[in-house]
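Peer 1: quick one, structure for this:
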Amino acid sequence: MATATAIASTTLPMTKISTSSTVDRLFSSDRATRASSRAARSSRGKASSALDTLGRIDPQPPQLTPEQLAETIAALAADKKAVDLLELDVRGVLGYTDFFLVCSGNTARQTKGIHDGIHQGLKDDHGILPRRVEGLREARWILMDYLDVVVHIFTPDARDFYRLEQLWGEVPSRSLDPVAP
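Peer 2: Sure, this is the predicted structure:
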């Protein structure tokens, strides 16, 4: 008990820290970092040789428009022998995407191959990954969500069963026969 009383009665010297100068220094460095990062973001896509804040070449590729993304995906799918490529323009009907790209593979193995070709091509060439992929395990209907473009890869049986073209029959559509990259 005596030691507890002795410890409690001992006071440690207090050093006064100028909190306003410390906080100002922290926030000013944070403001400078944010401003330089904002400037780097605003310069992206303006020129292919844009430099970041450290003088390095900015590796961020220019963004694709939804139309360019749909064309690129169609070309990648055609490269993997996808058939019956159809682009549905759902901009006036849906708020969560601009285009549906519907295509078919002859077998479940081919639909997986089409998925893999699209996934790898967009990742390697443009640094784009899908937000979500569904149906890859069974591979009868694979859905790839790239936000602006939603890709539907069907086997012929599943495409006949679900008939997305008829379900969205009122929206503008076009058959795609792109040249593979």
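
Peer 1: neighbours of residue 145, just the number please.
Peer 2: With neighbours defined by other C-beta atoms under 10 Å, the count for residue 145 comes to 15. Heads up, the C-betas are built off the backbone N, CA and C, glycines and all.

Peer 1: got a list of what it touches?
Peer 2: By C-beta atoms under 8 Å, 6 or more residues apart in numbering, the residues touching residue 145 are 97, 130-133, 151.

Peer 1: run through who's touching stretch 158-169.
Peer 2: Applying C-beta under 8 Å, 6+ apart, the external contacts of stretch 158-169 come out as 84, 86, 88, 90, 93, 100, 102, 104, 140-141, 152, 154, 173.

Peer 1: what about residue 143, which helix or strand?
Peer 2: Residue 143 belongs to strand 141-145 when assigned by DSSP states H and E.

Peer 1: okay, now the sheet partners of that strand, with direction.
Peer 2: Paired neighbours of strand 141-145 in the sheet (DSSP bridges): strand 132-134 (antiparallel), strand 149-154 (antiparallel).

Peer 1: tell me how far residue 164 lies from residue 97.
Peer 2: As defined by C-beta to C-beta, to the nearest Å, residue 164 lies at a distance of 13 Å from residue 97.

Peer 1: er, residue 166 I mean
Peer 2: Taking C-beta to C-beta, one finds residue 166 at 19 Å from residue 97.

Peer 1: what sits against residue 92?
Peer 2: When contacts are counted by C-beta under 8 Å, 6+ apart, residue 92 touches residue 171.

Peer 1: which strand or helix spans it?
Peer 2: Using DSSP H and E, no element contains residue 92; it sits outside every helix and strand.

Peer 1: could you do residue 85 as well?
Peer 2: With DSSP H and E as the criterion, residue 85 is inside strand 83-89.

Peer 1: that strand vs strand 149-154, what angle?
Peer 2: 150 degrees (axes from the mean of the first three to the mean of the last three C-alpha atoms, to 10 degrees).

Peer 1: residues in contact with strand 83-89?
Peer 2: 70, 74, 77-78, 98-106, 159, 164-165, 168, 171-178.

Peer 1: taking those residues one by one, which sit in helices?
Peer 2: Taking DSSP state H, the ones among those that sit in helices are 70, 74, 77-78, 159, 164-165.

Peer 1: most neighbours, which of those residues?
Peer 2: With neighbours taken as other C-beta under 10 Å, the top of these is residue 77, carrying 27 neighbours.

Peer 1: measure that one to residue 69 for me?
Peer 2: In terms of C-beta to C-beta, residue 77 sits 12 Å off from residue 69.

Peer 1: could you give the bridge partners of residue 153?
Peer 2: When bridges are called by DSSP bridges, residue 153 pairs up with residue 103, residue 142.
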